[in-house]
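S.K.: sequence first, predicted coordinates after that:
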Amino acid sequence: MEHNFDVEQIKEQEYQEELKKSQKKDFKFSWVSTSAFIFYLTFACLILFTWGGCYRLYTKRFEKPSVQVQESTLYTPKYK
């Protein structure tokens, strides 16, 4: 009977060790890996949004319209 108890205790100990190992790697249990992930995610989003905004401004830039101006209001006015 004591032999059976030792086996169960060893199994429980191994289970607890594996649980600790997996919790170290898990996102929600390790604040160090979580904060690093959030930092890099924020940095990547900032870069992507900045690049996207610049690209959008570059492709949809303002085009000067052709405006009819009276000849008398030019820098060198022309009179009739």
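M.R.: Sure thing, it's come through.

S.K.: could you use CA atoms for every contact and neighbour count after this?
M.R.: Will do.

S.K.: longest helix anywhere in the chain?
M.R.: Longest among the helix segments of the chain by residue count, using DSSP state H, is helix 31-59.

S.K.: elements contacting that helix?
M.R.: The helices and strands touching helix 31-59, judged by 3 or more C-alpha pairs under 8 Å, 6 or more residues apart in numbering; DSSP states H and E, number zero.

S.K.: that one: how far from the chain's middle?
M.R.: 4 Å (C-alpha atoms, centre = their mean, to the nearest Å).

S.K.: just stretch 45-64 next, same as before
M.R.: The answer for stretch 45-64 is 17 Å, by C-alpha atoms, centre = their mean.

S.K.: also stretch 62-74?
M.R.: 45 Å.

S.K.: any weak-confidence spans in this structure?
M.R.: 1-5, 25-32, 80 (pLDDT under 70).

S.K.: re earlier: can you pull the buried residues of the longest helix of the chain?
M.R.: Judged by neighbour count (16 or more other C-alpha atoms under 10 Å), helix 31-59 contains no buried residues.

S.K.: the helix or strand hosting Leu19 versus helix 31-59: what angle between them?
M.R.: Per DSSP states H and E: Leu19 is located in helix 2-25. Orientation of helix 2-25 against helix 31-59 (axes from the mean of the first three to the mean of the last three C-alpha atoms, to 10 degrees) gives an angle of 30 degrees.

S.K.: what is helix 2-25 packed up against?
M.R.: Helix 2-25 packs on no helix or strand, going by 3+ C-alpha pairs under 8 Å, 6+ apart.

S.K.: mind listing what Glu71 touches?
M.R.: 77-79 (C-alpha atoms under 8 Å, 6 or more residues apart in numbering).

S.K.: so it versus Pro77, what's the distance?
M.R.: 6 Å (C-alpha to C-alpha, to the nearest Å).

S.K.: before we move on, what about Trp51?
M.R.: Counting by C-alpha to C-alpha, the gap from Trp51 to Pro77 is 45 Å.

S.K.: same deal with Arg56?
M.R.: 39 Å.
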